[in-house]
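Here you go, sequence then predicted model.
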Amino acid sequence: MVAQSKPQLRQNISDYLREVKYSILSAPDNSIMAALKDVESKFLDGIESQPI
């Protein structure tokens, strides 16, 4: 039974980790990249609004 379950378990773990990676890096609402883009946008807006 263990030998039969291992491939499915391995696939489930792989699928889960792929979803976690997407959520952390690429999800448009709550990812790290979304937060970094927001900070970058605010930073650039602040720089552009300052007189030279």
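Perfect, I can see it now.

Give me the helices and strands touching the helix or strand where residue 7 lies, please.
Using DSSP states H and E, residue 7 maps to helix 2-25. Counting contacts by 3 or more Cβ pairs under 8 Å, 6 or more residues apart in numbering; DSSP states H and E, helix 2-25 packs against helix 32-49. For every residue, glycine as well, the C-beta is placed using N, CA and C.

could you give me the average pLDDT of the helix it packs on?
For helix 32-49, the mean pLDDT works out to 90.

How about stretch 15-29?
89.

Quick one: residues in contact with that stretch.
Identification of contacts with stretch 15-29 by Cβ atoms under 8 Å, 6 or more residues apart in numbering yields 30, 31, 32, 33, 34.

how far is that stretch from where the chain is centred?
Between the centre of stretch 15-29 and the centre of its host chain there is 5 Å, according to Cα atoms, centre = their mean, to the nearest Å.

ok and the helix holding residue 7 relative to helix 32-49, angle-wise?
10 degrees (axes from the mean of the first three to the mean of the last three Cα atoms, to 10 degrees).

Restrict helix 2-25 to CA atoms and write it as CSV.
Extracted C-alpha coordinates of helix 2-25, given in CSV (Å, rounded to 0.1, in the frame of the first residue of the first chain):
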residue,chain,number,x,y,z
VAL,A,2,2.9,2.4,0.8
ALA,A,3,4.4,1.8,-2.6
GLN,A,4,1.1,2.6,-4.3
SER,A,5,0.6,5.8,-2.2
LYS,A,6,4.0,7.4,-2.7
PRO,A,7,3.6,8.6,-6.3
GLN,A,8,0.3,10.2,-5.4
LEU,A,9,1.7,11.8,-2.3
ARG,A,10,4.7,13.0,-4.2
GLN,A,11,2.4,14.6,-6.9
ASN,A,12,0.2,16.2,-4.2
ILE,A,13,3.2,17.8,-2.5
SER,A,14,4.6,19.0,-5.8
ASP,A,15,1.2,20.6,-6.7
TYR,A,16,1.0,22.2,-3.3
LEU,A,17,4.5,23.7,-3.5
ARG,A,18,3.8,25.0,-7.0
GLU,A,19,0.6,26.8,-5.7
VAL,A,20,2.5,28.2,-2.7
LYS,A,21,5.2,29.5,-5.0
TYR,A,22,2.6,31.2,-7.2
SER,A,23,0.9,32.7,-4.2
ILE,A,24,4.1,34.1,-2.8
LEU,A,25,5.6,35.4,-6.0
